[in-house]
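Chemist: build me a model from this:
(one chain, ligands or ions: 1)
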Amino acid sequence: MEERKERRIIMFPLPFQGHFHPMIQIARILHHHGFSITILHTSFNFPDPSYYPNFTFRTIYHHNEEQEDPLSKPDASGMDLVTFIRQLRQSYADPFRESLAAEVGGGETECCLVSDVVWGRTSEVAAEEVGIRRMVLITSGVASFYAFAAYPLLRDKHYLPIQDSRLDELVTELPPLRVKDLPVMETNEPEELYRAVNNMVEGAKSSSGIIWNTFEDLERTTLMNFSPEFQGLIFPVGPFHKHSENILLTTKNKENHVTTEWLDKQDPQTVAYVSFGSLADIEEKEFLEIAWGLRNSQRPFLWVVRPGMVQGTEWLESLPCGFVEDIGHRGKIVKWVNQLEVLAHPAVGAFWTHCGWNSTLESICEGVPMICTPCFTDQCVNARYIVDVWQVGMMLDRNKLDKKEIEKVLRIKEMGEGMRESCLNWKKRASVCLSEHGSSSKYLEKLVGHVLSFDS
Ligand code: UDX
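Modeler: Numbering: from 1, shown residues only. So this is what the prediction gives:
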């Protein structure tokens with residue numbers, strides 16, 4: 001590998017698990033290609049840099065650090081995310097600009113800034129002022145971003161705001177999406193959601209390129225549909241976690257040996273793995289329906305319940321007395337797992353997921369069929385594609401979360417031969433794209449050349 005450590009890429013992740021991890025993964029890939037990496041990270045959710053010894057971390061502090069405000073909390077669960085992201089943007093815009101200016105011009109040659117697309121104009125303005133090229137990282141799929149980009153049209157045609165009477169209607173301009181699949185979220189500030197989405201899409205359009213955690217084969221049609229202004233500047237180099245630089249680090253992680261030991265004792269393809277990612281929260285009523293559904297299904301299950309995930313509770317205290325003893329060794333409830341290891345385990349036969357983009361890709365790469373209960377934004381689009389386009393999962397609508405329905409779905413162990421075949425087929429295609437002449441390898445080569453061509 002050619003050594004060019006003096007070329008530096010500055011990265012600005014959004015401080016949430018589902019965004020930070022892919023940023024770190026692409027950072028490792030680019031570092032392996034000879035770039036040095038500096039991560040500018042908000043004081044909110046600041047990670048432990050000792051896990052990432054190859055990178056330089058800088059903390060960006062916002063100006064109200066001492067005050068009692070939402071950004072001083074350790075995570076954002078239970079908050080109105082639209083409002084929260086607005087606060088993040090406002091609080092960190094100036095400090096980010098100052099930090100970026102301090103970084104640039106320190107002797108090394110900065111090739112560019114790579115910022116999470118959700119930062120939108122926050123990073124655009126700063127990069128312009130400092131005079132550095134800016135690329136964006138999109139940590140969700142192309143199909144959902146395409147739907148975000150169509151917001152003005154969706155509003156013109158009155159699909160948005162969503163009306164309950166139209167939920168099952170096909171959005172003819174965006175097949176196979178139905179109105180209920182459109183990427184929205186509940187918020188007290190609907191106009192702010194529109195502004196944020198517009199800001200994000202425009203920020204991507206004005207960038208010097210888009211790095212995308214997806215692969216061409218998976219989203220070819222949608223990629224081609226994108227307007228010509230994006231063409232040539234899109235780099236679908238995913239799935240990031242399957243690049244060798246990331247796999248090596250994942251398999252070294254042994255902290256989950258207890259879960260692995262439990263999985264080792266289960267029969268092949270029997271376990272339902274249940275996890276709703278790092279942000280979604282559920283009501284206590286839903287939590288109890290899930291618990292009873294899992295118990296009554298008689299199927300082995302591994303269930304991730306994050307502390308704070310169930311509204312109004314700490315962890316499992318709302319489960320009926322004796323519930324955990326009753327399920328015995330058949331079920332395991334944990335606070336967090338190494339999901340990549342779990343999905344790769346032969347005992348896992350299905351993934352009941354909220355369809356966050358990382359979870360979706362990770363499941364596709366391991367050939368695990370999905371039970372889809374999307375909660376908000378891109379998850380709804382992903383679920384529709386999982387079920388109707390890639391045919392690697394089935395839907396379990398959130399409004400049908402009752403124990404009988406859950407039990408019924410979980411008892412369908414094989415979810416049909418056709419689906420298993422489809423899962424294995426996509427697993428193979430995901431690995432082909434990373435082979436020497438695969439699309440993601442080629443795009444990565446182009447991406448490295450593109451970054452090196454910036455004259456900062
Ligand atoms: C968020 C958004 O909610 C999602 O819609 C968007 O696509 C990305 O950002 P999140 O909800 O956390 O992400 O879901 P997801 O994208 O699936 O990311 C979760 C990540 O956490 C995955 O990489 C998964 O492997 C990891 N995880 C989750 C664990 O390692 N252990 C767990 O127990 C649960």
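Chemist: quick one: low-confidence parts of the stretch 51-200 of the chain?
Modeler: Within the stretch 51-200 of the chain, the stretches with pLDDT under 70 are 65-78, 106-107.
Chemist: what does it put close to the ligand?
Modeler: Contacts of the stretch 51-200 of the chain with the ligand, taken as CB under 6 Å from any ligand atom, map to 139-140. In short, each C-beta sits where N, CA and C put it, glycine included.
Chemist: what about the strands in this protein?
Modeler: Along the chain, counting by DSSP state E, strands occupy 7-12, 36-42, 56-60, 109-116, 134-138, 210-212, 234-236, 271-275, 301-304, 331-334, 348-353, 370-372, 393-395.
Chemist: just checking, what packs against the fourth one?
Modeler: Spelled out, it's strand 109-116. In terms of contacts (3 or more CB pairs under 8 Å, 6 or more residues apart in numbering; DSSP states H and E), strand 109-116 is packed against strand 7-12, helix 17-32, helix 121-130, strand 134-138, helix 439-452.
Chemist: go on, the fifth one?
Modeler: Using 3+ CB pairs under 8 Å, 6+ apart as the contact criterion, the secondary-structure elements in contact with strand 134-138 are helix 17-32, strand 109-116, helix 121-130, helix 190-205, strand 210-212.
Chemist: where does the stretch 201-350 of the chain come near the ligand, residue by residue?
Modeler: Counting by CB under 6 Å from any ligand atom, the stretch 201-350 of the chain comes close to the ligand at 275, 277-280, 304, 336-340.
Chemist: in ChimeraX, how would I select the buried members of those?
Modeler: Applying 16 or more other CB atoms under 10 Å to those, the buried members can be selected in ChimeraX as follows:
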select :275,277,278,279,280,304,337,338,339,340
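Chemist: and the residues of the stretch 201-350 of the chain next to the ligand, which of them are in helices?
Modeler: 339-340 (DSSP state H).
Chemist: buried sites along the lengthiest helix in the chain?
Modeler: Using DSSP H to define each element, the chain has its longest helix at helix 81-103. Neighbour-count burial for helix 81-103, counted by 16+ other CB under 10 Å, picks out 81-89, 91-93, 95-97, 99-100, 103.
Chemist: tell me the confidence at Ser227?
Modeler: For Ser227, the pLDDT comes out at 69.
Chemist: who touches Gly203 in this structure?
Modeler: 117, 119-121, 123-124, 136 (CB atoms under 8 Å, 6 or more residues apart in numbering).
Chemist: between those, which is closest to the ligand?
Modeler: Closest approach between these and the ligand, by CB to the nearest ligand atom: Val117, at 11.3 Å.
Chemist: how near is that closest one to Gly232?
Modeler: Distance, Val117 to Gly232, using CB to CB, to the nearest Å: 18 Å.
Chemist: who's more crowded, those two?
Modeler: Each of Val117 and Gly232 has its neighbours counted (other CB atoms under 10 Å); Val117 has more, 25 against 10.
Chemist: surely that one touches Ile138?
Modeler: Yes. Contact criterion CB atoms under 8 Å: Val117 and Ile138 qualify, at 4.9 Å.
Chemist: so what sits against both of these two?
Modeler: Common neighbours of Val117 and Ile138 (CB under 8 Å, 6+ apart) are 145, 204, 210.
Chemist: can I get the residues you listed in CSV with neighbour count?
Modeler: Output for those, formatted as CSV (neighbours: other CB atoms under 10 Å):
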residue, neighbour count
Phe145, 27
Ala204, 23
Ile210, 20
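Chemist: ok now stretch 277-285, how far from the chain's centre?
Modeler: Distance of stretch 277-285 from its chain centroid, counting by CA atoms, centre = their mean, to the nearest Å, is 16 Å.
Chemist: contacts for that stretch?
Modeler: Stretch 277-285 is touched from outside by 16-18, 76-78, 81, 276, 290, 306, 308-313, 318, 353-354, 356, 358-359, 375-376, 379, with contacts defined as CB under 8 Å, 6+ apart.
Chemist: give the contact list for the residue of the stretch 1-150 of the chain at minimum distance from the ligand.
Modeler: Closest to the ligand within the stretch 1-150 of the chain is Gly18: 2.1 Å, counting by CB to the nearest ligand atom. Contacts for Gly18 (CB under 8 Å, 6+ apart) come out as 139, 277-279, 356-358.
Chemist: any idea how far Pro47 is from Leu100?
Modeler: The gap separating Leu100 from Pro47 is 19 Å, by CB to CB.
Chemist: same question, Ser359
Modeler: Counting by CB to CB, the separation of Ser359 from Pro47 is 20 Å.
Chemist: rewinding a little: quick one, which of the contacts of stretch 277-285 are buried?
Modeler: 16-18, 76-77, 81, 276, 290, 306, 309-310, 353-354, 356, 358-359, 375-376, 379.
Chemist: excluding chain neighbours, what is closest to the residue of the stretch 351-456 of the chain found nearest the ligand?
Modeler: Closest residue of the stretch 351-456 of the chain to the ligand, CB to the nearest ligand atom: Gly356 (2.3 Å). Nearest in space to Gly356, with sequence neighbours left out and distances taken as CB to CB, 6 or more residues apart in numbering, is Gly277 at 4.2 Å.
Chemist: just for the stretch 351-456 of the chain, where's the confidence low?
Modeler: Along the stretch 351-456 of the chain, the parts satisfying pLDDT under 70 run over 413-416, 455-456.
Chemist: residues from it in reach of the ligand?
Modeler: Residues of the stretch 351-456 of the chain lying near the ligand by CB under 6 Å from any ligand atom: 356-359, 362, 377-379.
Chemist: which pair in those has the greatest spatial separation?
Modeler: The span of those, defined through CB to CB, is set by Glu362 and Thr377 at 18.2 Å.
Chemist: if we can go back for a sec, just say which of the helices and strands packed on strand 109-116 is most tucked in.
Modeler: Comparing those by mean neighbour count (mean count of other CB atoms under 10 Å), strand 134-138 comes out on top with a mean of 26.
Chemist: pull up the pairing partners for that one, direction included.
Modeler: Next to strand 134-138 in the sheet, as set by DSSP bridges, lie strand 109-116 (parallel), strand 210-212 (parallel).
Chemist: residues of the first one that come out buried?
Modeler: Think strand 109-116. Buried-residue list, strand 109-116, by 16+ other CB under 10 Å: 110-116.
Chemist: just name the closest of these to Gly438, please.
Modeler: Val114 (22.4 Å).
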